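Peer 1: Provide a 3D model corresponding to the input given below.
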Amino acid sequence: MASALTPVDRPAGLGDQVYRRLRESLGSHAIVPGQRRQEAALALQLGVSRTPVREALARLASEGLISADGRSFTVPVLGDADVDEIYELRELLEPAALSRVAASGIAPAALAELAAALDDAQAAEERGDAEAFIEANARFHAGWHARVANRRLLRALDLYIGHVRYLRVLTLNYPDARKAALSGMRKIHGVLRRRDGERAVPVMREHLRVARQHLRIVLDDIAREVAAGPPQGRSRGHPLDAKGASPSLRMPPPKPRTPFASM
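Peer 2: Below you'll find the model as predicted:
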């Protein structure tokens with residue numbers, strides 16, 4: 001009798017690799033907000049065809065991290081007024097939403113899912129993995145958002161979720177911001193576990209206040225980088241221009257193929 005075959009390990013798809021590289025570049029400010037970038041130029045710089053670039057851009061657009069327009073894209077530009085409006089809306093909606101979820105109680109299975117996301121965020125922070133932390137943080141907040149019983153309130157929360165995802169990518173690449181976010185996540189989980197709707201309001205307000213403070217620091221850093229212009233020795237082109245390409249944006253060379261690579 002022939003022995004059973006087990007699936008071989010498959011490397012991450014090229015679209016996934018391009019997606020991760022672009023997301024890292026958003027967080028590190030290698031891609032500057034406000035300038036329109038072309039799909040073809042990006043594919044040339046990364047050394048890949050347009051197809052994985054198109055897949056990655058579509059995924060980033062669906063997450064609200066870029067604005068796609070045909071075969072080009074733009075990273076959102078958020079000024080002080082934009083940030084103020086987003087956080088005013090968050091401060092109106094999220095404390096009330098968390099309070100209602102906490103007061104009404106959350107099922108043990110759902111609470112366990114939040115705890116797992118919190119544990120994943122803790123582990124990611126300990127190893128300095130910003131990408132994994134951002135994923136766990138988003139999963140945690142989406143988890144309690146999903147328990148909001150008021151459908152109209154939930155739709156209102158969804159109105160700005162794309163901008164919030166982009167802001168998280170910007171801020172949570174910084175260790176201090178991750179530590180602050182983790183502390184806030186623990187407090188949110190605590191009020192949900194205790195069903196403390198009254199305490200949930202100041203907990204969420206403080207979480208948003210700290211997040212806004214860290215965002216201001218990051219936006220000030222970006223403004224200084226843009227004002228300073230490109231560093232010496234680099235082409236005056238944008239960081240995504242092929243002639244002035246930053247080495248950190250290039251895709252790694254492909255690994256040698258094994259006899260089973262095409263199976």
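Peer 1: C-alpha only now, for contacts and for neighbours.
Peer 2: Will do.
Peer 1: Identify the residues contacting Arg168.
Peer 2: Ile134 (Cα atoms under 8 Å, 6 or more residues apart in numbering).
Peer 1: gap between it and Leu157?
Peer 2: 16 Å (Cα to Cα, to the nearest Å).
Peer 1: And Leu192, by the same measure?
Peer 2: 18 Å.
Peer 1: Secondary structure element for Ala136, which one?
Peer 2: Taking DSSP states H and E as the criterion, Ala136 maps to helix 130-145.
Peer 1: Distance from that helix to the middle of the chain?
Peer 2: Put simply, helix 130-145 sits 9 Å off its chain's centre (Cα atoms, centre = their mean, to the nearest Å).
Peer 1: got the contact list for that helix?
Peer 2: Contacts to helix 130-145, defined as Cα under 8 Å, 6+ apart, come from residues 24, 97-98, 101, 110, 113-114, 117-118, 120-122, 124-125, 154, 165, 168-169, 172-174, 178, 185.
Peer 1: Longest helix in this protein, please.
Peer 2: helix 197-228 (DSSP state H).
Peer 1: what about it, average pLDDT?
Peer 2: For helix 197-228, mean pLDDT rounds to 88.
Peer 1: Tell me how many other residues surround Ala136.
Peer 2: For Ala136, the neighbour count with other Cα atoms under 10 Å is 22.
Peer 1: Next up, phi/psi of Arg37, please.
Peer 2: Here is the backbone geometry of Arg37 (degrees, to the nearest 10): phi -120, psi 150.
Peer 1: Using the three-state scheme, assign the nearest residue to Gln122 once chain neighbours are set aside.
Peer 2: Take Gln122 and drop its neighbours on the chain: the residue closest to it by Cα to Cα, 6 or more residues apart in numbering is Leu182, 7.1 Å away. At Leu182 the chain is in helix, as set by DSSP: H, G, I helix; E, B strand; the rest coil.
Peer 1: returning to what we had before: just the buried positions in whichever helix or strand comes after the helix holding Ala136, please.
Peer 2: Next in sequence after helix 130-145, counting helices and strands by DSSP H and E, comes helix 151-158. Neighbour-count burial for helix 151-158 flags 154, 157 (criterion: 16 or more other Cα atoms under 10 Å).
Peer 1: For helix 151-158, give me every contacting residue.
Peer 2: By Cα under 8 Å, 6+ apart, helix 151-158 touches 90, 93-94, 97, 145-146, 148.
Peer 1: can you rerun that using 7 Å?
Peer 2: For helix 151-158, the external contacting residues (Cα atoms under 7 Å, 6 or more residues apart in numbering) are Val148.
Peer 1: Also compute the angle for it relative to helix 130-145, please.
Peer 2: On the basis of axes from the mean of the first three to the mean of the last three Cα atoms, to 10 degrees, helix 151-158 is oriented at 160 degrees to helix 130-145.
Peer 1: Which pLDDT does the model give Gly47?
Peer 2: 90.
Peer 1: any idea how far Gly15 is from it?
Peer 2: Taking Cα to Cα, one finds Gly47 at 12 Å from Gly15.
Peer 1: Which of the two has more residues huddled nearby?
Peer 2: Here Gly47 and Gly15 are compared on neighbour count by other Cα under 10 Å; more neighbours surround Gly15, at 19 against 13.
Peer 1: need the contact list for Leu14.
Peer 2: Pro52.
Peer 1: returning to that earlier point: pull out the buried positions in the longest helix of the chain.
Peer 2: Neighbour counts over helix 197-228 (16+ other Cα under 10 Å) mark 197-201, 203-205, 207-208, 210-212, 214-215, 218-219, 222 as buried.
Peer 1: repeat for stretch 158-176
Peer 2: Neighbour-count burial for stretch 158-176, with 16+ other Cα under 10 Å as criterion, is recorded at 161-174.
Peer 1: Gln38: which of these is nearest?
Peer 2: Gln38 has its nearest neighbour among the buried residues of stretch 158-176 in Tyr166, at 19.9 Å by Cα to Cα.
Peer 1: Tell me how far the helix or strand harbouring that closest one lies from the chain's centre.
Peer 2: Using DSSP H and E, Tyr166 falls within helix 161-171. Here the centre of helix 161-171 is set off from its chain's centre by 6 Å, with Cα atoms, centre = their mean.
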